[in-house]
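In: structure, please.
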Amino acid sequence: DKVKHFDSREFFRFIFPDDKKKILLGFKEACSRNIKEQISQFRVINQISNQIIWVEGIYEIKFNETGAPVKMLGVLHDITERKRNEEILYKKNKLIKESRDEILIGIRYAEGIQKSILPEKNKIDMFLDKENFILYRPKEIVSGDFYYVNKVNDKVYFSVADCTGHGVPGGFLSMIGTISLHGILNRNHGKISPSEVLGNLRETVKDTFRLSEKNSLNGIDMAFCSFHPKSNTLEYSGAYNPLWIVRGNQLIEIKATLNPIGHYPSE
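Out: Down below sits the predicted model:
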């Protein structure tokens, strides 16, 4: 709030050497390009307290008819408090970024684990045929959706599933679902219907969360099929997710049971 008029040459000797160079370079560039207004920030030493003060200067350069600079008028503001706050904010942002990067490294690693248990496309082509496709676009890095294809004896089992939530929480459920399906099919040597698979899987998911002594509403919606190539027979069972069959120009929908894989209030 105090105004003081002074000669810039007198003031210039209190400016930090590195900042002097920046001011002079900025001034030379402004003069060479005939820029009339200039803003610079620099540090000075308070001669009374011997403390560093940050100053922002807003200048206007006066040129003569030949374009040569003849005078520079300016106003200086003490921005020490602002700079101090910027430094605090910078440190906080740096800490947040470091924490975020560390979390992302873990999530990226989890993404690799999740992808490693999904069936590879070349195996899917072997189990079914090459006229198939997979649309897999997770909302976040780790997915709450998964697909499953496996051949046990003479049957091909395949499924698409949508877990509660997305990202890391959904990723945990998708891992539980995929690993549990492997176990159920291997234990039964492929001699099990899709409805029995979903029934087994439902009990597995419920048992997993029953340890918390709370009725968790974490669950999975899925359509599960088995295909028998020799008899050209398809069996289907669905938890919320229907089966669509395209036959000629007709779309046939077989509706799913309105219960998820997991605990549900009205089973």
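In: so where does residue 150 fall, helix or strand?
Out: Per DSSP states H and E: residue 150 is located in strand 145-152.
In: residues contacting that strand, please?
Out: Under the contact criterion Cβ atoms under 8 Å, 6 or more residues apart in numbering, strand 145-152 has outside partners 114, 118-119, 123-124, 127-128, 134, 136, 138, 156-163, 170, 174, 177-178, 181-182, 185-186, 189-190. No exception for glycine: its C-beta is placed from N, CA and C like everyone else's.
In: give the buried residues for the top helix by length along the chain.
Out: Looking across the chain with DSSP state H, the single longest helix is helix 80-117. By 16 or more other Cβ atoms under 10 Å, the buried positions in helix 80-117 come out as 80, 83, 110-111, 114.
In: now for residue 26: which residues touch it?
Out: Residue 26 is in contact with 38, 40, counting by Cβ under 8 Å, 6+ apart.
In: rewinding a little: by how many degrees do the longest helix of the chain and strand 145-152 diverge?
Out: Comparing the axes of helix 80-117 and strand 145-152 via axes from the mean of the first three to the mean of the last three Cα atoms, to 10 degrees yields an angle of 20 degrees.
In: next secondary structure element downstream of helix 80-117?
Out: Criterion used, DSSP H and E; the element after helix 80-117 is helix 121-127.
In: residue 238 is in what secondary structure piece?
Out: Applying DSSP H and E as the criterion places residue 238 in strand 233-239.
In: now do that strand: which elements does it pack against?
Out: Helices and strands touching strand 233-239, by 3 or more Cβ pairs under 8 Å, 6 or more residues apart in numbering; DSSP states H and E, are helix 194-210, strand 220-228.
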